[in-house]
Structure formats: structure tokens, C-alpha cells
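Q: Test case, fold it:
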Amino acid sequence: MPSAPTPRALVDDGPATGDEPLDSFRRTVGIALVTLVVVCGALLGLNFFQGPELETATVDSAAVTTRPDQELRLFADQRVAEVDEAQVSVTPAADVTVSTADEVITVRFEDRLLYATDYTVTVESVTSLFVDQPTSFEHRFTTDPERMLYLDRSDPASTPDGLDAIVSTEVSGTDRSVEYEARRIQSFTVVGDLLAVVTLLDDGTNAITLVSRVDGAEERLVLPDAGIVDELEGSTESGRIAFVFSSTAQEGESDAAPEFSQVLYTVDLAGSHTPVAVPALDGSPLGVLGWVLEPAGSDGVARAIAQTFDETLLRVDLGGGSPPVPLGQYPALGRMSLDGEAVVVGDLYGSIELDLQTLEERRVPALAVDGELPFGGELQITGDDLERVQQVAIFDYDDGSFESYLVFDDGEQAGVLYQDPDGRGSLESFTVSPNGQFAAVSIIPDVAAGVTDGYLVDPQSTSVTTLVIDVATGAVVRSVDGFGVRW
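A: Okay, here's the model as predicted:
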């Protein structure tokens with residue numbers, strides 16, 4: 001007869017091995033790893049099938065208003081397919097070129113942007129290199145407001161030993177900050193954090209002082225001789241100033257020829273701070289009738305266009321790295337275009353745009369202003385198709401006088417930016433902001449009542465006023481007492 005089964009509880013399986021907790025831990029870790037893999041895979045798959053996303057963007061909100069070819073860089077979270085210009089829109093409108101490299105889309109603005117303006121850049125149909133799942137990128141930024149500096153001279157009749165002031169202000173604001181004061185400031189220019197200031201000394205000669213805009217430290221440059229400084233200009237990009245210098249006759253030498261006569265000098269502010277004469281074709285110091293500074297190119301070389309005494313135009317390297325290049329002979333030399341690609345010259349028949357690369361000429365036509373054909377004067381080319389700001393004069397056949405206007409000419413029609421409201425004033429000069437948005441025009445409100453300040457070089461009426469005009473609308477956005485605006 002078979003025996004009955006022994007109850008399980010009574011069976012002795014021997015001592016416990018201790019593997020149960022370890023097996024449980026292994027099962028927990030395994031489940032966690034599987035879960036993590038599944039979650040990561042799901043996230044990667046979700047990201048993969050959703051297409052790229054914009055992670056961040058960078059743009060220099062100041063440089064985009066002062067220099068062309070500045071970049072907005074858009075960083076995606078994965079490598080993206082090639083993007084072309086048709087996919088990119090900019091509001092307000094701006095011409096751009098686009099390039100793509102791995103996760104970065106680079107939008108290059110061909111021209112300078114407007115000051116203190118909200119911009120939106122949208123890139124449509126952005127896809128990754130792996131999946132054709134389009135998404136859109138959008139980035140918004142605000143450009144910096146524009147500041148300008150100008151010279152406010154004291155009235156020598158009321159304050160003979162008064163201080164002249166170089167003043168900084170926002171174009172559309174009301175603030176007024178004095179950056180430097182000195183007796184008898186003739187002119188100045190700005191090179192980054194430095195001011196180069198020309199003052200009139202008691203003996204009638206000039207001095208150039210470098211002034212730090214950070215801490216006010218001053219340095220007097222050693223000029224080649226006692227003499228007169230004129231046509232001072234500076235370039236922040238190249239870190240240079242240049243000016244025309246002429247010696248003055250010393251005591252007992254009134255019949256002697258000056259050692260230097262209208263010689264173009266340059267100073268490397270990153271170097272020795274020593275004025276160096278720019279060489280002519282034969283290596284001698286270059287004497288000039290006039291000169292204009294080119295905007296520094298991508299190579300950082302400081303170049304200028306100089307007109308010699310025989311009316312030959314030379315393109316010179318202010319750093320001396322290459323010899324002068326003749327551009328032809330012209331009786332008149334005007335201003336550089338804002339993009340730095342052309343210079344205005346003149347002959348007996350009027351103004352000409354001279355392309356600096358091809359030397360091709362385009363005659364600048366005179367367009368009717370208020371139904372009258374004007375006589376063209378100083379002009380600043382601001383864009384394509386000879387778009388320009390220009391000072392013109394219209395002859396009044398009734399009284400035989402001329403009336404001056406500042407106009408904006410888009411190549412098809414000319415609109416008046418400024419004209420004397422009552423016939424008593426005078427339009428003296430103008431300058432245009434680097435992006436072409438504003439024109440600063442210096443006027444004398446009442447010529448008959450004006451009194452000169454008596455400066456030997458660039459004398460001004462004590463009532464000289466500068467109006468800042470929005471070129472697009474013709475609206476006056478600022479008025480200051482002074483002249484010589486630097487942007």
C-alpha cells in the first residue's frame with residue numbers, strides 16, 4: 001500500500017541561500033533600464049519626427065545699425081537641411097543672404113538696419129537632414145537707438161574765455177551729456193572710446209588732443225611742426241585718424257615757403273601715436289586739395305581717396321601697406337557712398353558716381369524740385385540707383401536770388417527734407433547717419449542777425465543750429481544748438 005505524501009510545510013529544504021533579495025534587485029534594475037530606454041527612445045523618436053526646434057539666437061543689436069553684412073545666427077537643436085533666401089522673411093523688410101552649417105542658420109543683413117526698431121526674422125519650412133518634417137523658426141530683436149555727438153561753441157562776445165563742448169545725445173531723445181570741454185575747439189572726430197580734438201592755440205596754430213571717453217585721460221599729439229590742422233577724420237574699425245596739415249610761417253620767416261603745405265597725415269591709434277605723412281606716387285609726402293575716408297572693409301585696411309594738386313585722384317592705403325592707385329583726373333571730389341563702394345566726383349557738367357572697383361562712371365541727374373530744375377550741390381549717395389540726400393539751389397527769377405533745399409532723391413523723384421521757412425536763414429551743411437535713416441542739417445536761422453565766432457578754420461555763426469530729420473518722413477526729430485555732427 002503506497003505511503004501518504006508528506007506535507008510541504010514539513011519538508012526540510014535545507015538552509016536559505018540568500019539569493020532572493022539579489023534576484024529582486026536585478027529584476028528592479030532591469031525594469032528601470034528597460035523603462036529608461038523606452039522613454040529615451042520615445043523622446044528621441046518624438047524629437048526626430050517633430051523636426052528641428054530653435055534653441056537660441058545671437059545678433060549684435062548695435063553693429064547691425066552701423067555696419068553692413070552683420071549676422072543673425074539661429075541655433076537649432078539638430079543638424080538642419082540647407083535653407084535658402086526664399087524661406088526667410090524680415091519685418092521691417094531687409095535684404096539678406098542665408099547660409100547653413102550643421103545646426104546653425106546664418107542670416108546676413110546686406111545693409112544697415114534702422115535704429116531703435118523691432119525686427120522679426122522668420123524662417124519657414126526648416127527640416128532636419130534626416131526627416132522631411134518642416135518647422136518654422138522665429139526670432140525677434142530690437143536694434144539700439146542712435147547717439148550722435150556735436151560741437152557746441154561758446155559765444156566769444158559774451159564769454160571770451162568760455163569753454164566749447166563736445167556733446168553726446170540720442171537722436172530722438174532729450175538727454176544732453178558733455179563728453180569734453182576745452183577752450184576754442186575747432187573740430188573733433190570719434191574713434192571708438194577715443195575723441196581726437198583739434199583746438200586753436202593762442203598763437204593761431206592748432207593742437208590735436210586724444211581724449212579717453214572712458215576716464216577722461218588726455219594725450220597731446222606731437223605734430224610735425226607748428227601749423228594748421230584741417231579735414232580731420234577717424235575710423236573706429238581701423239583705429240586711425242587722418243588730417244591735412246600745413247606749416248605756418250615762424251617769426252622772422254614770413255617770406256619763407258612753409259615746410260608742409262596741405263600734406264595728408266595719418267596716426268595709428270593702436271600704435272605709436274606718431275603722425276606719419278601719407279606717401280605720394282613718388283614716395284614724397286602727399287599734398288592734397290581734399291580727401292575722403294573710406295569705410296574700413298572686411299580686411300580692416302584703412303583707405304582714403306585723395307585729390308592731388310593736379311586734380312588726380314589717388315586711392316591710398318593709410319597704413320602704407322600698398323602704393324597709391326590712380327583713379328583718374330577730376331576737378332571735384334565729393335563724398336563716399338554709405339556702402340563704401342563708390343565716391344562722388346565732379347566735372348564741368350555736374351556730379352558723377354565713380355565705382356571704386358570697376359572705375360565705371362554714372363552721371364547723377366538733376367531731378368525737378370517743386371516743378372523747378374535745381375542746381376545740384378553737395379550730395380550723399382545712400383543706396384542703389386543713385387538714391388541720395390542732396391543740397392540743391394533753385395534760382396528765383398523775380399529777385400535774382402537762390403533758395404537752398406535739402407532733398408531726398410530716390411532716383412525717380414526728389415522730395416524736400418528742409419527749406420528755409422521764411423527766407424531769412426541759410427542751409428550750411430549736412431551729414432547722413434551711417435544707415436541713411438537720418439540727416440543732420442546745420443542752419444543759420446537768421447543770416448542778417450548772425451555773428452561769426454571768429455575761428456580761423458571753419459568759422460561758424462554763434463546762432464548755428466542742427467536739425468535732425470527722418471529721411472523717410474521728412475519729420476524733424478531733434479534740434480540742437482551746435483554743428484559738426486558725428487554719428
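Q: Val178 and Ile166 touch, don't they?
A: Yes. If you go by CB atoms under 8 Å, Val178 and Ile166 touch, sitting 7.2 Å apart. Any C-beta I mention is one placed from the backbone N, CA and C, and that applies to glycine too.
Q: Can you pull out the low-pLDDT segments for the protein?
A: Low-confidence segments of the chain (pLDDT under 70): 1-30, 32-49, 249-257, 297-298.
Q: Centroid-nearest residue for it?
A: Geometric centre of the chain, nearest residue: Thr66, 2.5 Å, by CA atoms, centre = their mean.
Q: so how far is Phe188 from it?
A: Separation of Thr66 from Phe188 (CB to CB, to the nearest Å) stands at 18 Å.
Q: same question, Ser136
A: On the measure of CB to CB, Ser136 and Phe188 end up 48 Å apart.
Q: If you count surrounding residues, which of those two has more?
A: The neighbour comparison of Ser136 against Phe188 (other CB atoms under 10 Å) goes to Phe188, with 25 against 12.
Q: Do I have it right that the more buried one meets Ile208?
A: No. If you go by CB under 8 Å, Phe188 and Ile208 don't touch, sitting 9.6 Å apart.
Q: Please identify every residue contacting each of these two.
A: Contact with both Phe188 and Ile208 is made by residues 196-198, 232, according to CB atoms under 8 Å, 6 or more residues apart in numbering.
Q: residue ranges for the helices of the stretch 1-150 of the chain, please.
A: Assigned by DSSP state H, counting those that start in this stretch, the helices in the stretch 1-150 of the chain fall at 19-50, 63-66.
Q: Can you get me the start-to-end distance on stretch 217-234?
A: End-to-end distance for stretch 217-234: 19 Å, by CA to CA, to the nearest Å.
Q: brain fart, stretch 390-409
A: For stretch 390-409, the separation between the terminal residues is 8 Å (CA to CA).
Q: Centre of the chain to that stretch, how far?
A: Taking CA atoms, centre = their mean, to the nearest Å, the mean C-alpha location of stretch 390-409 is offset from the chain mean by 31 Å.
Q: sorry, back to before: out of Val178 and Ile166, which sits in the more crowded spot?
A: Just comparing Val178 and Ile166: by other CB under 10 Å the higher neighbour count belongs to Ile166, 25 against 11.
Q: Might one say that that one is in contact with Met148?
A: No. Ile166 lies out of contact with Met148 (CB under 8 Å); the separation is 11.1 Å.
Q: Can you tell me the number of residues neighbouring Tyr418?
A: 20.
Q: quick one: contacts for it?
A: Counting by CB under 8 Å, 6+ apart, Tyr418 touches 405-406, 427, 441, 443, 467, 469.
Q: Which of these fall within strands?
A: If you go by DSSP state E, the contacts of Tyr418 have 405-406, 427, 441, 443, 467, 469 in strands.
Q: beta partners of the residue lying closest to His139 once chain neighbours are set aside?
A: Closest residue in space to His139, ignoring its immediate chain neighbours: Ala57 at 4.4 Å, by CB to CB, 6 or more residues apart in numbering. In this entry, Ala57 is beta-bridged to Leu74, by DSSP bridges.
Q: How about Arg464, nearest residue that isn't a chain neighbour?
A: In this structure residue 464 is Val, not Arg. In space, and not counting its chain neighbours, Val464 is closest to Phe483: 4.9 Å by CB to CB, 6+ apart.
Q: and the one you found, bridged to which residues?
A: Applying DSSP bridges, one finds that Phe483 bridges with Leu151.
Q: Quickly note the distance from Asp458 to Leu232.
A: From Asp458 over to Leu232 (counting by CB to CB), the distance is 10 Å.
Q: surely Ser187 meets Thr199?
A: No. In this structure Ser187 lies outside contact range of Thr199 using CB under 8 Å: 9.2 Å.
Q: Can you show me the strands along the stretch 201-350 of the chain?
A: Applying DSSP state E, counting those that start in this stretch to the stretch 201-350 of the chain gives strands spanning 206-212, 218-220, 227-235, 240-247, 263-268, 276-277, 290-293, 303-307, 312-317, 325-329, 332-336, 342-347, 350-355.
Q: could you dump those strands to TSV with mean neighbour count?
A: TSV is the format used below for the strands of the stretch 201-350 of the chain (neighbours: other CB atoms under 10 Å):
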stretch	mean neighbour count
strand 206-212	19
strand 218-220	12
strand 227-235	21
strand 240-247	23
strand 263-268	22
strand 276-277	17
strand 290-293	20
strand 303-307	23
strand 312-317	20
strand 325-329	14
strand 332-336	19
strand 342-347	20
strand 350-355	18
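Q: Next, format these as TSV and append distance to Glu71.
A: Output for the strands of the stretch 201-350 of the chain, formatted as TSV (distance: least, CB to CB, whole Å):
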stretch	distance to Glu71
strand 206-212	30
strand 218-220	35
strand 227-235	21
strand 240-247	25
strand 263-268	28
strand 276-277	35
strand 290-293	25
strand 303-307	24
strand 312-317	27
strand 325-329	31
strand 332-336	24
strand 342-347	24
strand 350-355	26
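Q: And these: which comes nearest Ser433?
A: Taking CB to CB, strand 332-336 is the member of these nearest to Ser433, at 13.5 Å.
Q: Kindly state the beta-bridge partners for Phe346.
A: Actually, residue 346 is Gly rather than Phe. Beta bridges link Gly346 to Ala332, Ser351 when assigned by DSSP bridges.
Q: For it, give me its contacts.
A: Residues near Gly346 by CB under 8 Å, 6+ apart: 330-334, 352.
Q: repeat that for 7 Å
A: 330-332, 334, 352 (CB atoms under 7 Å, 6 or more residues apart in numbering).
Q: I'd like to know which of the residues you listed is nearest to Asp118.
A: Nearest to Asp118 out of the contacts of Gly346 is Gly334 (CB to CB; 35.2 Å).
Q: how near is that closest one to Ser351?
A: Distance, Gly334 to Ser351, by CB to CB: 7 Å.
Q: Repeat that for Thr91.
A: Distance from Thr91 to Ser351, by CB to CB: 35 Å.
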